[in-house]
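Participant: sequence first, predicted coordinates after that:
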Amino acid sequence: METAAKRARAGDPTNDDRLSALPDDLLRHVLSFLPSRRSVQTGVLSKRWTGLWRSVRRIDIKIDVHIRYYGNSYSKEKWEKAENFINNLLTFHDAPTLDAFRIVIGSNHKDLLPTIDGWVCRGIKQYRPADVEIAYYIHGVYKLPHLGSASTALLKKLYLFGVYLDDHFEEQLRSGCPVLEDLTLQECWTYFRDIHSSTLRKFVLRDCYRSSEMLVIRAPSLVSLTIFTLHHKNGVTLDGPMNHLVNATICPFDGGSFRSNPSRVSLLGSMFNVTNLELICVSAEVMLDKELDKYPSFMNLKTLSMTSCLDTKTFLVDGRLGSSCDPHEKFNALARLLHKAPNLERLTLENCWSLQESEQKMTASGLSFRTPDQKDFECPNLKSIVIKYSDDGTDEEHQMFQLVCGLIKNLDNPALTFSRIK
């Protein structure tokens, strides 16, 4: 008897199962978009699907056994089912290597960690995946086990969430990940000193916690960098040439003061090779700090976007971050930064002028850009200025226009756009 696959290939109009008639490689590719549990369940569709999951080049595991409102309790019934499924999955999965290995953990019970360690080690060491995601949700700490250099030799992309990382992780990156290109650390405990990789092209450091030591990034091939909210004292800096750096997003605000400190100045100054720069919550004091003069000018910078910057006083209003600062000081800070970016073409300022009553009464007189040596400010390539500000129910547009007049006095007719943020 002809199989459904043969009849479909022969163009049999009575056959409706065209999906099953697809080649095995294409079906495995389809299954790779499903979580592993769903992929295994497709075996009940027909004999054609039985066992295909075993050679899918992706393992995607999600474990959620946490019981809400009961502290660190977990459902033993859910855990036993998950444990049985994952053990069988890793035992019978026979792909020689994986395109991706993903494990998302929803429990903070310490008794489960040794088993989870075993799954992580087995998934990475046995299958040597090119893409790894380990996410540990719910309050608690999951410490990444030591993996060895051979297991990560093919690793190109790594995403870690809620993971404790020590000096062994630093060494893993340095010598055990020879082709790593994309690294994201989110809400991790980063207790190591260096990110050292000659192949890393994209790095995201978001809401991470660490000791008082400064984190040094040595990644000469870096193209994209995001550093968002630092919960540690001495910050992050770039070391060595970053000649390929195109895009950078920097938000050094840690929930405390906007005031300048050496780590924030060092971080901003080390961005001098970037082409497109987004600054969030960078204070006027950082830009006015004389230490910034020790760093090279931003000769490659074409696009600069600033959000909630240029301020020294911070507060929360209706859950929204607000700030204020003397307008003259704002102008001096912005002028100082733009003076170091002579080739800038596009400038965007969002919520950088939170006009207080005293500021709203000011006019454009007396407000103008000056270079640090008090000469007339020039930015000959600046073609576009976009001003975005919050719509808080007051008529700020006229006052905002007066303030911006001081900004454009010495510029060659740039396109000026105002935009309310509702």
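Facilitator: Sure, I can see it. The structure displayed is predicted, hence computed values, not measured ones.

Participant: how about the helices in the stretch 251-400 of the chain?
Facilitator: All helices of the stretch 251-400 of the chain, identified by DSSP state H, counting those that start in this stretch, fall at 262-269, 284-288, 327-339, 357-360, 397-408.

Participant: buried residues, stretch 277-296. List them.
Facilitator: If you call a residue buried by 16 or more other CB atoms under 10 Å, then stretch 277-296 has these buried ones: 277-289, 292. In short, each C-beta sits where N, CA and C put it, glycine included.

Participant: any chance of these in CSV, plus distance to Thr97 and pLDDT?
Facilitator: Formatted as CSV, the buried residues of stretch 277-296 follow (distance: CB to CB, whole Å; pLDDT from 0 to 100):
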residue, distance to Thr97, pLDDT
Leu277, 38, 97
Glu278, 37, 96
Leu279, 41, 94
Ile280, 39, 91
Cys281, 42, 86
Val282, 43, 87
Ser283, 48, 84
Ala284, 52, 84
Glu285, 51, 85
Val286, 46, 87
Met287, 49, 88
Leu288, 53, 86
Asp289, 49, 87
Leu292, 47, 90
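
Participant: where does the stretch 251-400 of the chain have low pLDDT?
Facilitator: Residue ranges of the stretch 251-400 of the chain with pLDDT under 70: 253-260, 312-327, 353-378, 391-400.

Participant: strands of that one, start to end?
Facilitator: In the stretch 251-400 of the chain, the strands defined using DSSP state E, counting those that start in this stretch lie at 276-280, 303-307, 313-317, 320-324, 346-350, 384-390.

Participant: got the angle for the longest one vs strand 303-307?
Facilitator: Looking back up the chat, that one is strand 384-390. 10 degrees (axes from the mean of the first three to the mean of the last three CA atoms, to 10 degrees).

Participant: other SSEs contacting strand 384-390?
Facilitator: When contacts are defined as 3 or more CB pairs under 8 Å, 6 or more residues apart in numbering; DSSP states H and E, strand 384-390 packs onto strand 346-350, helix 397-408, strand 415-421.

Participant: list the buried ones in it?
Facilitator: Buried residues in strand 384-390 (16+ other CB under 10 Å): Ile385, Ile387, Lys388, Tyr389, Ser390.

Participant: partners of that strand, with directions?
Facilitator: strand 346-350 (parallel), strand 415-421 (parallel) (DSSP bridges).

Participant: now the buried residues of strand 384-390 in a markdown table, with distance to Leu31?
Facilitator: Compiled in a markdown table, the buried residues of strand 384-390 are given as follows (distance: CB to CB, whole Å):
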| residue | distance to Leu31 |
| --- | --- |
| Ile385 | 51 |
| Ile387 | 50 |
| Lys388 | 45 |
| Tyr389 | 49 |
| Ser390 | 47 |
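
Participant: which of the strands paired with strand 384-390 sits most buried?
Facilitator: Of these, the one with the most neighbours on average (mean count of other CB atoms under 10 Å) is strand 346-350, at a mean of 20.

Participant: how distant is it from the center of its chain?
Facilitator: What separates the centre of strand 346-350 from the centre of its chain is 21 Å, taken as CA atoms, centre = their mean, to the nearest Å.

Participant: quick one: that strand to helix 327-339, angle?
Facilitator: Here the directions of strand 346-350 and helix 327-339 differ by 150 degrees (the same axes, to 10 degrees).

Participant: using CSV, write out every CA atom in strand 346-350.
Facilitator: The C-alpha atoms that make up strand 346-350 are tabulated as CSV, following Å, rounded to 0.1, in the frame of the first residue of the first chain:
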residue,chain,number,x,y,z
ARG,A,346,21.0,64.3,14.3
LEU,A,347,20.1,65.2,17.9
THR,A,348,17.1,64.0,19.8
LEU,A,349,16.2,65.4,23.3
GLU,A,350,13.4,63.6,25.2
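
Participant: from one end of stretch 109-117 to the other, what's the distance?
Facilitator: 13 Å (CA to CA, to the nearest Å).

Participant: list the buried residues of that stretch.
Facilitator: In stretch 109-117, counting by 16+ other CB under 10 Å, buried: His109, Leu112, Leu113, Ile116.

Participant: what pLDDT does the first one get?
Facilitator: In this model, His109 is scored at 71, pLDDT.

Participant: do Lys202 as well
Facilitator: The model reports Lys202 with a pLDDT of 98.

Participant: likewise Ala5?
Facilitator: pLDDT at Ala5 comes out at 49.

Participant: again, but for the one 10 residues further on
Facilitator: We have a pLDDT of 55 for Asn15.
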